[in-house]
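J.: Fold the following and give me the result.
(4 chains)
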2 protein chains.
Amino acid sequence: MGGRAKRVTLRSVAQEAGVSLSTASLVFSGAGAVSEATAARVRAAATTVGYRGPDPVASSLRRGRSGVVAVVVEDRLLTVFRDPYAVSRLDGLASVFDEIPASMLLVSQPDGNQGAAATRLASSAFDAAVFFGCGPDAGPVLDTLRAKGVPLVAMDTPVVDDVVRVGIDERPAAAAAAAHLAELGHTRIAQVVLPCDEPAGRVRPAHDYRAERFSTPRDRMHGVADVLGDAVPTVAATASDVDAGRVAGAALLAVADPPTAIVAQSDMLALGVVLAAGERGLDVPRDLSVTGFDGITQSWWPGRLTTVEQPGAEKGREAAHLVRALLAGEAAHDVTLPTRLRVGDSTAPPRSPAPG
Amino acid sequence: MGGRAKRVTLRSVAQEAGVSLSTASLVFSGAGAVSEATAARVRAAATTVGYRGPDPVASSLRRGRSGVVAVVVEDRLLTVFRDPYAVSRLDGLASVFDEIPASMLLVSQPDGNQGAAATRLASSAFDAAVFFGCGPDAGPVLDTLRAKGVPLVAMDTPVVDDVVRVGIDERPAAAAAAAHLAELGHTRIAQVVLPCDEPAGRVRPAHDYRAERFSTPRDRMHGVADVLGDAVPTVAATASDVDAGRVAGAALLAVADPPTAIVAQSDMLALGVVLAAGERGLDVPRDLSVTGFDGITQSWWPGRLTTVEQPGAEKGREAAHLVRALLAGEAAHDVTLPTRLRVGDSTAPPRSPAPG
DNA sequence: CTGAAAGCGCTAACAA
DNA sequence: TTGTTAGCGCTTTCAG
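T.: Here you go, the predicted structure:
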């Protein structure tokens, strides 16, 4: 509100122009089955009375559509946007929304506060929703979204029966990174995984994470296990950022028989590991090989990370296309995008053959 | 649309519960002037018929409020979110929106395409808008917003007569950084400025930028000029990110008589300058002092940047408070937040007294 | 405490 | 091509 003046409605415009309400409406929104002369008269009248265009709310009520797509992110904005990969997905979404056209209602979940997000969603108008890689507790939000009865598209989430999904084949993608290290001759390999159920910071063999409920870290661990077995020393990060990667990397390197290679589940984590190595006087890749995941372009590390590239922006665009299809009443099917191991400067054969 | 089932309305619930429409409405939205018994009956009926709660659109139309605040960013998402400082402002906004409560409609301007943003804004429902540091061409968007007649809050924008604004005193803030370098004994000082009208990459004396229309870079240049005069070798960046800073820094350092200190207009730019220095074999701060602006916490540079701290999250929160006040019909006044020079490890006296 | 009635501003049949 | 009519689903006076 804010004490602003009473809205000028279409009715006044019609009156001023001496036409009926519906004719005036046609001039603004409908396809112009109106003579140019009348249309001009209406537009002139609109200017005269100071009409600001059809009220989107009234129009939405009548048409049954709001032109808004809700985008539900899994965390607070600060966390989400710190990861360039997450941002590229959003940017991809935004670029297609522009064409649809649709506006983007951004719903965050501060401190994983699903309740607040669910409430906000329940009382917001939107025609469809996209939600991101959620953990196992997405219940409230997902229920609210389902209750709305709007089309839903999921990105990088666990498979949900009734929701169209865009993602990648996590397991083989992660396996590719592990295989690359194995081929280089590494035998002492450790991994840093994305935040998950398990408490962060403790180094434990991968099989201790077997019951993991967050699907992304779990599936990638499985991929690594497919190649290296499930005893790989593993540590969970507190977040997917450089700092968390540094802490996790430090933990992995502070053991008696440190690894010669580390698989990280995101590029941000991998860069953190590179820093941790530097702090111990280890050179990457000479003393330590590091692989990442995502394929972001970072500019401050002089080298190029060896990483599993996944098309972030394209994922966003793809999800938006699904939204568009669903909105148009068309069928939409899950999309799995390709990934590709990009070998950069952060991996090399181990410095010396395993002692023995 | 998407072919979903016909909406269950409040009318069916009332019928099922054997109460009137208005009573049922009171149960869901109004303050409960309804006996607990009736309320329970209504709620039960709602479950029976599968009512999903009041339709936000209808409710908005009736109440005259949508519960949405538009947040208009100055660029495409990818660009905006690349700067941690920009993100912290958004996060500050989001945290207060949660309390209001309000949802956030995020409107970007791909390729500075103001037209598209304006159109989208015109056809979207929202009760207020916040917009960010815009260049001189904000016309279309600003006009659309004004036409809506909703309360407007501006962040880090040039002063606009009829819009409440939150920002900092750019000029003295920038002057503080310059003064710090001068006090350390630097005499050969250059600067990297935020993207602006002037073509990026060319090194020219500051007075060549006198007609700059982007207010943030201009005001900060004025601050530097207040201390160092207006002949400071200056280069504009293409963006506010590390890469752009590196390019700009390289340009400044590639001259016959290179500077011993560089003032950068953002931390991201400053970090890029640090990289550029490293590439020329220069140590920061021994061979080159660098100051930033914003006070982000970055984790990969081992040192702490000397920088002008400005409270990003607080700026966002402050803006959201203004929105809340305006929405409540209260008066709201411009807010200017304090800044502070934080001396870190990126500045030191020049290595040797100027040769002479 | 509950019900009846009047719209919020617009759009889309349908009729002229 | 234009006008008439009937709501979209809800909230909110105002009576009872």
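J.: Which strands or helices does the helix or strand bottoming out on mean pLDDT in chain A pack on?
T.: Every helix and strand of chain A was ranked by mean pLDDT, DSSP states H and E. The lowest is helix A:77-80, at a mean of 79. Counting contacts by 3 or more Cβ pairs under 8 Å, 6 or more residues apart in numbering or on different chains; DSSP states H and E, helix A:77-80 is packed against helix A:84-99, helix B:84-99. Bear in mind the C-beta positions are built from the backbone N, C-alpha and C, glycine included.
J.: nearest to DNA strand C, of those helices?
T.: Comparison of the helices and strands packed on helix A:77-80 against DNA strand C by Cβ to the nearest atom of the strand identifies helix A:84-99 as nearest, at 20.4 Å.
J.: How far off centre is that closest one?
T.: Mean-position distance between helix A:84-99 and its chain equals 9 Å (Cα atoms, centre = their mean, to the nearest Å).
J.: repeat for stretch A:82-99
T.: 8 Å.
J.: Just the mean pLDDT for it, thanks.
T.: Stretch A:82-99 comes out with an average pLDDT of 88.
J.: Just the buried residues of it, please?
T.: Under the neighbour-count criterion of 16 or more other Cβ atoms under 10 Å in any protein chain shown, stretch A:82-99 has A:82-98 buried.
J.: where along the stretch 51-200 of chain A do the helices fall?
T.: Counting by DSSP state H, counting those that start in this stretch, one finds helices in the stretch 51-200 of chain A at the ranges A:56-63, A:77-80, A:84-99, A:114-122, A:139-148, A:170-184.
J.: now those as a markdown table including distance to B:R317?
T.: Converted to a markdown table, these look like this (distance: least, Cβ to Cβ, whole Å):
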| stretch | distance to B:R317 |
| --- | --- |
| helix A:56-63 | 28 |
| helix A:77-80 | 12 |
| helix A:84-99 | 22 |
| helix A:114-122 | 17 |
| helix A:139-148 | 24 |
| helix A:170-184 | 37 |
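J.: among those helices, which is nearest DNA strand D?
T.: helix A:56-63 (3.6 Å).
J.: Does anything pack onto the closest one? Which helices or strands?
T.: helix B:56-63.
J.: before we move on, the earlier item: distance to A:Y51 added to the helices and strands packed on helix A:77-80, as TSV?
T.: What follows is those, written out as TSV (distance: least, Cβ to Cβ, whole Å):
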stretch	distance to A:Y51
helix A:84-99	26
helix B:84-99	30
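J.: Go through the ones you listed and name the closest to B:A177.
T.: Closest approach to B:A177 among the helices and strands packed on helix A:77-80 (Cβ to Cβ): helix B:84-99, 15.3 Å.
J.: got the CA coordinates for that closest one in PDB?
T.: Provided in PDB are the C-alpha atoms of helix B:84-99 (Å, rounded to 0.1, in the frame of the first residue of the first chain):
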ATOM      1  CA  PRO B  84      30.400 -11.600  -3.400                       C
ATOM      2  CA  TYR B  85      29.700  -8.100  -2.400                       C
ATOM      3  CA  ALA B  86      26.600  -8.000  -4.600                       C
ATOM      4  CA  VAL B  87      25.500 -11.300  -3.200                       C
ATOM      5  CA  SER B  88      25.800 -10.200   0.300                       C
ATOM      6  CA  ARG B  89      23.500  -7.300  -0.400                       C
ATOM      7  CA  LEU B  90      20.900  -9.700  -1.800                       C
ATOM      8  CA  ASP B  91      21.300 -12.000   1.100                       C
ATOM      9  CA  GLY B  92      20.700  -9.100   3.500                       C
ATOM     10  CA  LEU B  93      17.500  -8.300   1.600                       C
ATOM     11  CA  ALA B  94      16.400 -11.900   1.700                       C
ATOM     12  CA  SER B  95      16.900 -12.200   5.400                       C
ATOM     13  CA  VAL B  96      14.600  -9.400   6.200                       C
ATOM     14  CA  PHE B  97      12.100 -10.300   3.600                       C
ATOM     15  CA  ASP B  98      11.600 -13.500   5.500                       C
ATOM     16  CA  GLU B  99      10.400 -11.500   8.500                       C
END
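J.: is chain A contacted by that helix?
T.: Yes. Using Cβ under 8 Å from any Cβ of the partner chain, helix B:84-99 reaches chain A at B:P84, B:V87, B:S88, B:L90, B:D91, B:A94, B:S95, B:D98.
J.: Identify the residue nearest the second one in space, chain neighbours excluded?
T.: Going back to what we said before, that points to B:V87. A:F81 (4.2 Å; Cβ to Cβ, 6 or more residues apart in numbering or on different chains).
J.: Thought B:R89 was touching that neighbour, still the case?
T.: No. Contact criterion Cβ atoms under 8 Å: A:F81 and B:R89 do not qualify, at 10.7 Å.
J.: residues near the residue nearest to A:K148 when sequence neighbours are not counted, how many?
T.: In this structure, A:K148 finds its nearest non-sequential neighbour in B:R52, 6.6 Å apart by Cβ to Cβ, 6+ apart. B:R52 is flanked by 15 other residues according to other Cβ atoms under 10 Å in any protein chain shown.
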